[in-house]
Structure formats: structure tokens, C-alpha cells
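[1] build me a model from this:
(chains A and B)
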Number of protein chains: 2
Amino acid sequence: MEELNIKGQRAKKASYVLSGLSSIDKNKGLKAVADALLLNEKAIIEANKIDVLNAEKNGIKGSLVDRLTLDSKRIKSMAEGIEQIIQLDDPIGEVMWMKKRPNDLEIGKKIVPLGVIGIIYEARPNVTVDAFALCFKTGNAVILRGGKEAINSNLKIIEIIKNALVSADMPSDAVSLIEDTSRETATNMMRLNEYLDVLIPRGGAGLIQAVVNNSTVPVIETGVGNCHIFVDKEANLEMAKDILVNAKTQRPGVCNACESLVVHGDVAKEFLPMACKALREHNVTIVGDNIAKSIVTDIEEASEEDYRTEYLDYKISVKVVNDIDEAINHINKNNTKHSESIITENYTNARRFLNEIDAAAVYVNASTRFTDGFEFGFGAEIGISTQKLHARGPMGLRELTTTKYVIYGNGQVRN
Amino acid sequence: MEELNIKGQRAKKASYVLSGLSSIDKNKGLKAVADALLLNEKAIIEANKIDVLNAEKNGIKGSLVDRLTLDSKRIKSMAEGIEQIIQLDDPIGEVMWMKKRPNDLEIGKKIVPLGVIGIIYEARPNVTVDAFALCFKTGNAVILRGGKEAINSNLKIIEIIKNALVSADMPSDAVSLIEDTSRETATNMMRLNEYLDVLIPRGGAGLIQAVVNNSTVPVIETGVGNCHIFVDKEANLEMAKDILVNAKTQRPGVCNACESLVVHGDVAKEFLPMACKALREHNVTIVGDNIAKSIVTDIEEASEEDYRTEYLDYKISVKVVNDIDEAINHINKNNTKHSESIITENYTNARRFLNEIDAAAVYVNASTRFTDGFEFGFGAEIGISTQKLHARGPMGLRELTTTKYVIYGNGQVRN
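    Residues are numbered from 1 along each chain as shown, chains lettered A, B, ... in the order given. Alright, predicted model coming up:
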């Protein structure tokens, strides 16, 4: 707990300084960090090599080692990410509304930083830079707890960021890294209510569930996506096929990829053969219900569990339904409230799907892959919230803020 | 768990119906409930009598028995509360913004209900009606868990509400009461993530802390207020005295009452005698630091604990500071982020206080007692949030909603 308490206290203190910085100053700090990352590329790659060698020695699988690895190009891309964040409008200080009450009190709702944000993540050192930059731009201090696999990379990156902040006359406690990567310390961090205003887990379903189950600090749950495409009776089937293939195969390992196809029974005979053929060209494994199996013979049987599974892989489940009511019920029962799309030319069904599906993003005639802060035009993203409190869907800078009421009086007392 | 699961499942199902109701229908339902409460006044008072007799038998203290007691006037006031909520604008369905992306996707951010709201509260049966009406107006289902002291009153009220809803063709599962008032069931309710979208505790500090510590459902923390009045060097001292007396004594048992006075050293000698005299006329006990004690002799010594205490009583702590920096540090260290006020004629200090104090509501030259949904013009209030996530300060109808992104496409896929 000692490391957590010391860093928590310092972050809290820094957060008060950060909340008063001008956008000009914050951008100056960010620019110093971007420059320092490029300048210290060699040192970062050296530290990263230790992590990569350890990972390979410990038999960690290739895709994870790839996410962990930093090279010149990736460091350049991290610095470019900061430059992009510099260009974004600073939301802090905006008064959303101000009104005069009958007793002459003037009450305004003002956007202010959250304070201290905790981020628990896995072995992706780019998150270290990215999370710092988004939090700093919005005047928040951040306490990072990355995976032990990336500890050497993270220590070096944090050292560089802190030095750059000092050189730009900014508080270096704007960012800190929890160096003790034990599970116990992570659990203690989830209960650091005295210093943390919010905790954002970034990573797989296991990490997110552990944070939700153990945290007393308010959490923003991110990222698990069991997303559906519903092909309605009056769908343009060529469009449906293209959208389905895109949503399933363009990048299957991400949360907004499609995991399940729901097809109206009236078009299943026509649509499933063409859809399955197109999916198979991308080596997608297909499981489905009895009707789907009777139409396309080499579909394997889907279990109830399949319909609840986020494969994050070249695999999809298929369900044939009698009508839009069954489709909506099936999706609301099995989805993770992330992104859902209907393919239809029918006005009433489009409207019903948009209104009745319970999800962060609901689409008509488009791929679910668009649910992301950049595609939504936010310019940056700290994650995609699948909860309903505070933020829902892609979270940009605005979602890293809260509000405070500012009230101007001239002696008012309450009767 | 069985009661929780059954009621959770039913509430979830009802929430999908509620989210699609028009404002006209919801108001019709509310009107039916308001009428039914008035019509069944006798039955409510009869049921309430059992609770009141039990409370008196169990030696529950007078102020709590008073809160528990319902009479004709209070039932009328509950019905009037519903009529007021009927008059308010329904926030559901508003599209906050919609924009067209370069790829022709039209993306809009729409206000929708949260879904199912859980409320854990104590022995105030008026909360039963109030919470139902606010949730129903915003298209949410609500699961209520009130204190065991009010169980007979609550059962009767819920029966009346459910019957009224059925008579108005509304789903009666829009509201349910957990009849098992054991602590164990309350704890299980805090982990009912499958059905609850948010949990709002309403009551004392102990209840709120228990919910924060045990809940895996997202919580909105409400209500604890260790509020300060800071009397700056250049204050109008008469105004300061009036505001202080109002904030401390107008209703000391509520969260926006003042608990601590902070005085600039340069005016302490002039202000403290007049302030203490005025407070003593209201029988306020005063504790303070050494400087305060040296100015007003019969002030008792304040401990560090005093400065952290929400008395909710005729008692106040006093701290003398050297400058506004010390005042801001003292307040940020000890407050509960609720409501804070500076009394000053100095422009820069007013601006600094508004910017640098970390609280839901920051005032210049007004009583902290105004932090409340009605005074802020929201027309209703479900509580006052002292956390930063989702809602901060008084929560009206808008705070019982979330958003969803609605996206209109014409075949877009991601590159």
C-alpha cells in the first residue's frame, strides 16, 4: 500500500495544479513529451528489448509479444498520437449553461477535470503514452498500472515523460506508474478511493471483470463486444453480405467486430448460402441453429453458450428468426450492449431496431466496425464504454471530465 | 436471491416496454398513481400505523419516527409531488447532436433511459413514491429496497401504485419492492449486475458507505456534506454573518448545511465575536482552533476530527487561516466535495475559490443551502451526487438517463 498511498497523494496534489493550467501550457507540456519520446527512441527500444526477451523466454504467445514490441515506427506513431491530441479542442472550462434564478442567483454548469484517473491495463506500452496524453490534455493526473510483461518499457517511458514535464515547468506527478506489478497491489489500487476519482480498465474480459468485481472506486467498464448483424426480410442482400464480411473479418480481434449473424427466416434460404460462401473465403468457422444447418449443410451446431460468446476470432454464430420481435429479443438477451446493426429497407423495422435494441451504438445499414472515437470524429479515444453510467460508447476527451456548479450571489440566504 | 432474481428479471423486461412509452402515456400512468394515492389515503395511514407503533415499541428515536409517519397532509404532498413531475419536460428521445461524417454516416447522440435503477433507502415512505415517479417519468424501471421500519407502509403504497399502473395499461413491473428487508438481501442486491444498471443509496453516511464498499453495480454516491463558509479579508461582514447563520441554522440536519467556518486572520477579531453571538442565539455549539479561542473565550477546542465531521446538528467548527491559499487547502483537504461558499468582495479571490475548490457546487456570497434540485430549477431531485462520475450535484430527471449513439448508413464498411 505504501507505493499506492505515496503516489496517490502526489497525484491528488498535482491534479489541483493541472486543473488550473491553461490549454497553452498543457499543449506545451504535451509537445515536450512528444519531442522527448522521439529523442529517446533508442533508450525506449533498449528497455523494451528486455521485456520482449523475457516474454519470449516465458513462452508468451506471438500476438501478445507483437503488441508488446516497440520499434522506431511505433514510437514515432506514439509521438504523432500526442501531436494529434494537441490539436484537439480543450473541453475544460466551458460553461455548458448559466441561468439566473428568480432570487438573482446566477447558476452555471462548468466542465472541469475528473481529478485523478487510474488506468489498469495489460502488456501494451503504447497505452502508457496514450492514456497519459489524454488525461493531461483534460487536466487530470493519472496513475498507471501496466502489466508486468511491459514493466521495463513502461518505467523508461514514464521516466522520459516525467523529465519532459519538468523541463516544461509542469508537475511531474501528473503521471505515475505503479512499479509493483503484483496482483495484490492491483487489488489495493481498486480500493484507493481516497485518491482515485475513477478507474478505467483496458484489456481483456478477465481484467475488466476483476476490476468490476473488486473495485470500490467508480469504474468505467470498457470493451467487451458481442455484436450482431441482423439481416431483415426486406434487406438489400448484397449490401448485407458486404457489411457482414467487413464486420466479421476486417479486424476480428477487436470489440466492435461482429460475432453473430441473425437472419430473418424469409430470406435465410437466399442469404445464408451467399453469406457463408463469402465468410468461408476468409476462413471463418460458422456455427448455427437447426434451420441454418438445414440450409447450409456444413454449418456446425451452435450452443446457447455460442450465442453469448465474443470470439475475437474468425468464427461466427448464426441464428434464424421468425420476425423482428424475435431478433430484438435474441439480441437484447445475448449482447454485451456494445454495437448492433440492422440491414433493412423497411422504415418501421429500422426505427424499431434503433429504439428497442439496448446498446451503446445502434446502426442501420452499416458495419459495426465504426464504433470508435476516431470514426465518430472525437479525434481520440480512451476506450469504449459498455456501461450506462457517465459515458456510453467511444470515450473521447469530454468523457474524461466532470462538471461543477458555479454560483454567483449577492448575499442570498434560503427561506 | 430468488426474490431479487425474479423481480430483477421482471423489471428488466418492463424497462424495455417503458423505454418505448410516449410522454403522454407516462404522464397518464403517473396521474393514475397520484389519484390512487389520494383515494387510498385511509389504507396507507392504517398500514403506516403498524410501522409507527412498532417503531415506538422498539424505542426508535423521535425524529426518525417523525420521518416515518404518514398523515393526510403528507399523502397529499406525495400526490402533489407526482403532479409536479407530470408537468416537467420529458428528457427521453432528445438527440443532443447529430452530424454527418465524411463517409456519409449520420451519427447522433440520443437521450435514453438508464434501464433498471435500484434504490436502497431507510425509513422514509415518501421516498417510495418519489423515486418511483422520477424513474417512471424517465422510462426506467425501479427496484426499491426500503428500511424494515417502513415495510408495512411500503407494501401498501407499492400495491396501490401497481394497481393504478395496471388500470392505466402500464406494466406493473415498472416498480417493485424487495420485501425481504434483511441485510443479506440488501448486500445481494448490490451485486445484481445482471439486472441493475445503477444503484442509488439514499440515507445516512453509514448506508452510503456500505453500498460503496459492497456494490459491484455502478453506484451514484449521494449526500454527505461537510460544507464550509470561508469569510475572506475583504468580505462584507454583515452579509457574511447572515449567510453563515442561514447555512448553519436554517435546517441543520441536511447535507447542504454549513458545518465549518473558515475565517481570514485579518478579519477574525472583528468577525468572530459578531458571528459567534449570532450563532449562539440559535444555540449553536462552537469549537475552534487556538486563534479562534483566543478571540472568543468560550469556544471549545476543535480536534482534527472535528474538521472532518458532518455534524447535522447545531454545532460548528471554526478555523482561522492566514490567506486564501491556506483556506483552499484546508477546505479541499477536509470537505466531502459537496457545497462550499466564499464571502468576499475581492474579484481574484472569488475567481480562485470557484476554480480551485473541489466540490459539486461552489458559491460566491450565498448560502450553501441552495444546493438542491428545486432551488437549481430542475423541478425535482432524486438526490445530490458527491461523486464525479455521471452526475455531480443535484440530480434531476436528466441524471436518470444515459445516451445511445444512433447511426444511419447506406452500406458503409470500414477500410
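[2] from here on, just use CA atoms for contacts and neighbour counts.
    Will do.
[3] kindly report the residues of the stretch 301-415 of chain A close to chain B.
    Residues of the stretch 301-415 of chain A lying near chain B by C-alpha under 8 Å from any C-alpha of the partner chain: A:354-356, A:359-367, A:369-370, A:376-377, A:387-393, A:402-415.
[4] among those residues, the buried ones, what's the ChimeraX command?
    Entered in ChimeraX, the line below selects the buried ones among these, by 16 or more other C-alpha atoms under 10 Å in any protein chain shown:
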select /A:354,355,356,359,360,361,362,363,364,365,366,367,369,370,376,387,388,389,390,391,392,393,402,403,404,405,406,407,408,409,410,411,412,413
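[5] so which of the residues of the stretch 301-415 of chain A next to chain B are in strands?
    A:361-366, A:393, A:402-412 (DSSP state E).
[6] which parts of chain A belong to which domain?
    A:2-221+A:389-408, A:227-370 (automatic domain parsing).
[7] now those in TSV, with mean pLDDT?
    Below are these laid out as TSV (pLDDT from 0 to 100):
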stretch	mean pLDDT
domain A:2-221+A:389-408	96
domain A:227-370	97
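[8] want to throw those domains into JSON lines with distance to B:Ala210?
    What follows is those, written out as JSON lines (distance: least, C-alpha to C-alpha, whole Å):
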{"stretch": "domain A:2-221+A:389-408", "distance to B:Ala210": "10"}
{"stretch": "domain A:227-370", "distance to B:Ala210": "28"}
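[9] so which of these is nearest B:Ile75?
    domain A:2-221+A:389-408 (28.7 Å; C-alpha to C-alpha).
[10] so what does A:Ile45 look like in phi/psi?
    phi -60, psi -40 (degrees, to the nearest 10).
[11] surely it touches A:Asp71?
    Yes: applying C-alpha atoms under 8 Å, one finds A:Ile45 in contact with A:Asp71, separated by 6.3 Å.
[12] okay, those two: which has more neighbours?
    Taking neighbours as other C-alpha atoms under 10 Å in any protein chain shown, A:Ile45 and A:Asp71 compare with A:Ile45 leading, 19 against 15.
[13] show me the contacts for whichever residue of the stretch 51-200 of chain A sits closest to chain B.
    Going by C-alpha to the nearest C-alpha, chain B is nearest to A:Leu114 of the stretch 51-200 of chain A, at 6.4 Å. If a contact means C-alpha atoms under 8 Å, 6 or more residues apart in numbering or on different chains, then A:Leu114 has A:140, A:197-198, A:400-402, B:388-389 as its contacts.
[14] which residues does the nearest residue to A:Ser172 once chain neighbours are set aside contact?
    Excluding its sequence neighbours, the residue lying closest to A:Ser172 (C-alpha to C-alpha, 6 or more residues apart in numbering or on different chains) is A:Lys162, at 4.9 Å. A:Lys162 is in contact with A:172-173, A:175, counting by C-alpha under 8 Å, 6+ apart.
[15] cool, A:Glu356 as well?
    Applying C-alpha under 8 Å, 6+ apart, the residues near A:Glu356 are A:328, B:16, B:19-20.
[16] against A:Met395, how distant is A:Ser77?
    According to C-alpha to C-alpha, to the nearest Å, A:Ser77 and A:Met395 sit 20 Å apart.
[17] looking at those two, which is more packed in?
    A:Met395 (21 against 14).
[18] the more buried one and chain B, how far apart?
    Note on A:Met395: its distance to chain B, by C-alpha to the nearest C-alpha, to the nearest Å, is 12 Å.
[19] I figured that residue hits A:Gly383, correct?
    Yes: using C-alpha under 8 Å, A:Met395 is in contact with A:Gly383, at 5.7 Å.
[20] any residues in contact with both of those two?
    Listed as contacting both A:Met395 and A:Gly383 by C-alpha under 8 Å, 6+ apart are A:Gly373.
[21] A:Ser215 against A:Asn193, yeah?
    No: between A:Ser215 and A:Asn193 there is no contact under C-alpha under 8 Å: 9.1 Å.
[22] of those two, which one has the most company?
    For A:Ser215 versus A:Asn193, the count of surrounding residues by other C-alpha under 10 Å is larger for A:Ser215: 25 against 18.
[23] mind listing what that one touches?
    A:187, A:190-191, B:216.
[24] now do it against B:Arg280, distance only.
    45 Å.
[25] any idea how far A:Asp298 is from chain B?
    A:Asp298 is 27 Å from chain B, by C-alpha to the nearest C-alpha.
[26] burial count for that residue?
    14.
[27] the helix or strand hosting A:Asp130 vs strand A:401-412, what angle?
    If you go by DSSP states H and E, A:Asp130 is part of helix A:125-137. Calculated by axes from the mean of the first three to the mean of the last three C-alpha atoms, to 10 degrees, helix A:125-137 forms an angle of 10 degrees with strand A:401-412.
[28] so is helix A:125-137 next to chain B?
    No: counting by C-alpha under 8 Å from any C-alpha, chain B has no neighbours in helix A:125-137; the shortest distance is 15.2 Å.
[29] in terms of secondary structure, what does that helix contact?
    Under the contact definition 3 or more C-alpha pairs under 8 Å, 6 or more residues apart in numbering or on different chains; DSSP states H and E, helix A:125-137 sits against helix A:23-39, helix A:72-87, strand A:116-121, strand A:141-145, helix A:151-167.
[30] list the contacts for the nearest residue to A:Thr309 once chain neighbours are set aside?
    Nearest in space to A:Thr309, with sequence neighbours left out and distances taken as C-alpha to C-alpha, 6+ apart, is A:Asn226 at 6.5 Å. A:Asn226 makes contact with A:255-256, A:258-260, A:308-310, A:334-339 under the criterion C-alpha under 8 Å, 6+ apart.
[31] so where do the strands sit in the stretch 151-300 of chain A?
    A:175-177, A:198-202, A:227-231, A:258-264, A:285-288, A:300-301 (DSSP state E, counting those that start in this stretch).
[32] got the contact list for A:Gly93?
    Here A:Gly93 is in contact with A:110-112 (criterion: C-alpha under 8 Å, 6+ apart).
[33] one more pass at 10 Å, please.
    A:19-20, A:22-23, A:109-113, A:403, B:355 (C-alpha atoms under 10 Å, 6 or more residues apart in numbering or on different chains).
[34] list buried residues within those residues.
    Buried among the contacts of A:Gly93 by 16+ other C-alpha under 10 Å: A:19-20, A:23, A:109-113, A:403, B:355.
[35] strands - which of those residues land there?
    Those of those lying in strands (DSSP E): A:109-113, A:403.
[36] tell me the two of the residues you listed that are most distant?
    Top of the distance list for those (C-alpha to C-alpha): A:Lys109 and A:Pro113, 13.1 Å.
[37] mutual contacts of those two, please.
    The contact sets of A:Lys109 and A:Pro113 overlap at A:93, A:402-404 (C-alpha under 10 Å, 6+ apart).
[38] closest one of those residues to A:Leu105?
    Relative to A:Leu105, and with distances defined as C-alpha to C-alpha, the nearest of the shared contacts of A:Lys109 and A:Pro113 is A:Lys404, at 15.6 Å.
[39] which residue is the nearest non-sequential neighbour of the closest one?
    Closest to A:Lys404 by C-alpha to C-alpha, 6+ apart is B:Ala360, at 4.9 Å.
[40] which residues does that neighbour contact?
    So B:Ala360 contacts A:109, A:402-406, B:336-340, B:371, B:384-388, B:391-394 (C-alpha under 10 Å, 6+ apart).
[41] mind doing that once more with 8 Å?
    Taking C-alpha under 8 Å, 6+ apart as the test, what B:Ala360 contacts is A:403-405, B:337-339, B:385-386, B:392-393.
[42] how far away is the residue nearest to A:Gly223 when sequence neighbours are not counted from B:Val116?
    Residue nearest to A:Gly223 in three dimensions, not counting chain neighbours: A:Ile384, with 5.4 Å by C-alpha to C-alpha, 6+ apart. Remark: distance between A:Ile384 and B:Val116 (C-alpha to C-alpha) = 21 Å.
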